[in-house]
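Novice: Sharing a model prediction with you, sequence too.
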Amino acid sequence: MSALILQAGGEAPLDIVSLLLNASPVVKGVLGLLILMSVASWFVIGSKFFYLANASSRSTKFQDNFWKTGRLDEIWRISESSAPSPVGEVFRAGYTELAKLQKRRQENVDTAGEALLGDIESVQRALDRARTTAITEMESRVPLLGTTASAAPFIGLFGTVWGIMNSFRNIGAKGAANLATVAPGIAEALVATAIGLMAAIPAVMAYNYFSRRIRVITSEMETFSSDFLNIVRRRFF
């Protein structure tokens, strides 16, 4: 147990601030790491919440425009003037690849079945690449929340175990085991566990929430890709 500043009556201060200021170096290091992880987690939570909310609303708006408009070239112009969205980026990738294929077919007339099949596969690969890119962007920094949720309690537990070990060493050195001797060290040790839980609980809740939102948007992109590919087959191939 670290040396605590004694008050006038000889009792060690047990308020949280005093426990943190007078903790042992190892416990301070644990607390600093947990606080850093908590701050980083809250930054990710805030930024990712607004990012996914905007991505979801923009994708929904784009799909509404897509099914109302019906013309791919008009939808392309709408997508250029609108804020980017995951589903919109999938459409742009598919439409860009389709335009390239149409231009190439006009320059080199080839209606063979294998060539048509290759063109369709090219559009599908472009859709898949755009979807993968969008998923990667949505999932960026989210693993930090999972790491914090799983590691923070154990880091806090390490600080607790270390503090309790020092408390028992101090008891052995003084040869006294009364409450005044034990309480400050135990309280200092438990603060590390408490801060570890404070860092982990919001992180695990946010991780589960964001994972679900990402799955929903991913499902929307997959459905749109299938619908877009069917439209391309009917109209162009």
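Specialist: Everything's here; your move.
Novice: check which helix or strand covers Ser47.
Specialist: Using DSSP states H and E, Ser47 maps to helix 25-69.
Novice: can you check Arg129 too?
Specialist: Secondary structure from DSSP H and E places Arg129 in helix 113-139.
Novice: Let me know the angle separating that helix from helix 25-69.
Specialist: Here the directions of helix 113-139 and helix 25-69 differ by 140 degrees (axes from the mean of the first three to the mean of the last three CA atoms, to 10 degrees).
Novice: Flag every buried residue along helix 113-139.
Specialist: 116, 119-120, 122-124, 126-128, 130-131, 134-135, 138 (16 or more other CB atoms under 10 Å). In short, each C-beta sits where N, CA and C put it, glycine included.
Novice: mind checking how far it is from the chain centre?
Specialist: Helix 113-139 sits 25 Å away from the centroid of its parent chain (CA atoms, centre = their mean, to the nearest Å).
Novice: And the next helix or strand past the helix holding Ser47?
Specialist: helix 72-81.
Novice: Outside of that following helix itself, list whatever touches it.
Specialist: Phe62, Asn65, Phe66, Thr69, Gly88, Phe91, Arg92, Tyr95, Leu98, Ile231 (CB atoms under 8 Å, 6 or more residues apart in numbering).
Novice: What is the neighbour count of Lys68?
Specialist: By the criterion of other CB atoms under 10 Å, Lys68 has 8 neighbours.
Novice: Okay, angle between the helix holding Ser47 and helix 72-81 too, please.
Specialist: Helix 25-69 and helix 72-81 are oriented at 150 degrees to each other (the same axes, to 10 degrees).
Novice: going forward, begin numbering at 309 instead of 1
Specialist: Renumbered: residue one is now 309, and that last one reads helix 333-377.
Novice: now helix 333-377: how far from the chain's centre is it?
Specialist: Relative to the mean C-alpha coordinate of its chain, helix 333-377 is positioned 6 Å out (CA atoms, centre = their mean).
Novice: do stretch 526-542 as well
Specialist: Worked out by CA atoms, centre = their mean, stretch 526-542 lies 27 Å from the chain centre.
Novice: Check stretch 389-409 too.
Specialist: Chain-centre distance of stretch 389-409: 25 Å, with CA atoms, centre = their mean.
Novice: ok, the closest residue to Ala348 other than its chain neighbours to Ala361 distance?
Specialist: What sits nearest to Ala348 in space, not counting adjacent residues and going by CB to CB, 6 or more residues apart in numbering, is Leu452, at 6.2 Å. To Ala361, Leu452 is 19 Å away according to CB to CB, to the nearest Å.
Novice: the more surrounded of the two?
Specialist: Remark: of Leu452 and Ala361, Leu452 carries more neighbours, 18 against 11, as counted by other CB under 10 Å.
Novice: ok, now which ones touch that one?
Specialist: Contacts for Leu452 (CB under 8 Å, 6+ apart) come out as Ala348, Ser349, Val352.
Novice: any chance of the residues you listed in TSV, plus pLDDT and neighbour count?
Specialist: Shown next, in TSV, are the contacts of Leu452 (pLDDT from 0 to 100; neighbours: other CB atoms under 10 Å):
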residue	pLDDT	neighbour count
Ala348	95	17
Ser349	95	24
Val352	96	21
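Novice: circling back to that earlier point, which helix or strand contains the residue nearest to Ala348?
Specialist: Judged by DSSP H and E, Leu452 forms part of helix 450-482.
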